[in-house]
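*Asks:* Can you look at this prediction? I've put the sequence above it.
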Amino acid sequence: MKGIAVKQNKLTRRHNKIRARISGTAARPRLSVYKSNRYMVAQLVDDEAQTTLVAGSTKEFVKEANKVSASKRLGTEIAARAKAKGISTVVFDRGGFRFIGRVAALAEGAREGGLAF
């Protein structure tokens, strides 16, 4: 394996280790984060029923100044959608990505929006 395949393999291994420890329920769903070079996607997942309860992407906020501010806005939007469904606590799944930059901004926005984790 070379280059990107190695990075993707490492990301998958990190995510699998995280997913072995955490799981979402209907009462406390998993806030799953995926980060590409251009966008971020976040969703609240009930792993027991294998359903997505709430989802959102930074594609909705393309007019933001930069990716970090769009990620923070996505966090607040996910929190607002979760509150509308009666969800107040979640388990954060960073998806194998480091907790800096856009991932941390999304988490901060979700906390400001009222989600507890």
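*Replies:* Received it, and whenever you're ready, just let me know what you need.

*Asks:* Show me what counts as buried in stretch 45-64.
*Replies:* Going by neighbour count (16 or more other C-beta atoms under 10 Å), the buried part of stretch 45-64 is 45-47, 53-54, 56-58, 61. No exception for glycine: its C-beta is placed from N, CA and C like everyone else's.

*Asks:* can you list contacts of stretch 57-75?
*Replies:* Contact partners of stretch 57-75, identified using C-beta atoms under 8 Å, 6 or more residues apart in numbering, comprise 39-42, 56, 77, 101-103, 105-113.

*Asks:* Around Tyr34, count how many other residues there are.
*Replies:* 17 (other C-beta atoms under 10 Å).

*Asks:* what's the spacing between stretch 60-72 and its chain's center?
*Replies:* Its chain's C-alpha centre and that of stretch 60-72 lie 15 Å apart, by C-alpha atoms, centre = their mean, to the nearest Å.

*Asks:* Ignore what I typed, I meant stretch 40-60.
*Replies:* With C-alpha atoms, centre = their mean, you get 8 Å for stretch 40-60.
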